[in-house]
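> Return a 3D structure for these sequence lines:
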Amino acid sequence: MQRKERPLHPRELKEWRAKHGLSQTDAADWFKVSARTYQGWEHGRRKKQADLIREMMRKKRPPAPPPPEKTTLFD
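Alright, predicted model coming up:
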C-alpha cells in the first residue's frame, strides 16, 4: 500500500524558493505554471499536488538566480 504524503505547507515552498534565490516568477517558470498559480500555492490559496511538487523539489535543481544588474556612475 502506498503511503500518502502529508500536505505541503506553503512555508516549505517559500523556504525552498528563498534557499535557491528565486523570485516567485522564476519559481513559477521552473515548475512550468503561471506566476499566479505559484503565488496561490505559496499563499495556501490553491490546492497543490504535494507529492509531485516534493519530487520536483528533490530531483531537479532550479536555475541559478540571474546575476545582479551592473550599475555605473555614468548611465
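> mind showing which ranges of this structure have poor pLDDT?
1-5, 46-48, 50-51, 59-68, 71-75 (pLDDT under 70).
> so where do the strands sit in it?
Applying DSSP state E to the chain gives no strands.
> now the helices for it?
For the chain, the helices defined by DSSP state H occupy 10-19, 24-31, 35-42, 50-59.
> Between helix 10-19 and the last one, find me the angle.
Orientation of helix 50-59 against helix 10-19 (axes from the mean of the first three to the mean of the last three CA atoms, to 10 degrees) gives an angle of 20 degrees.
> Run the angle between helix 50-59 and helix 35-42 for me.
Orientation note: helix 50-59 sits at an angle of 100 degrees relative to helix 35-42 (the same axes, to 10 degrees).
> again with the second one
Angular relation of helix 24-31 and helix 35-42 on a 0 to 180 degree scale: 100 degrees, by the same axes, to 10 degrees.
> List the buried residues of helix 24-31.
24, 26-31 (16 or more other CB atoms under 10 Å). For the C-beta atoms, the positions are set from N, CA and C on the backbone; glycine is no exception.
> For R17, state which of the residues you listed is nearest.
A27 (4.7 Å; CB to CB).
> where's the closest one relative to K70, distance?
24 Å (CB to CB, to the nearest Å).
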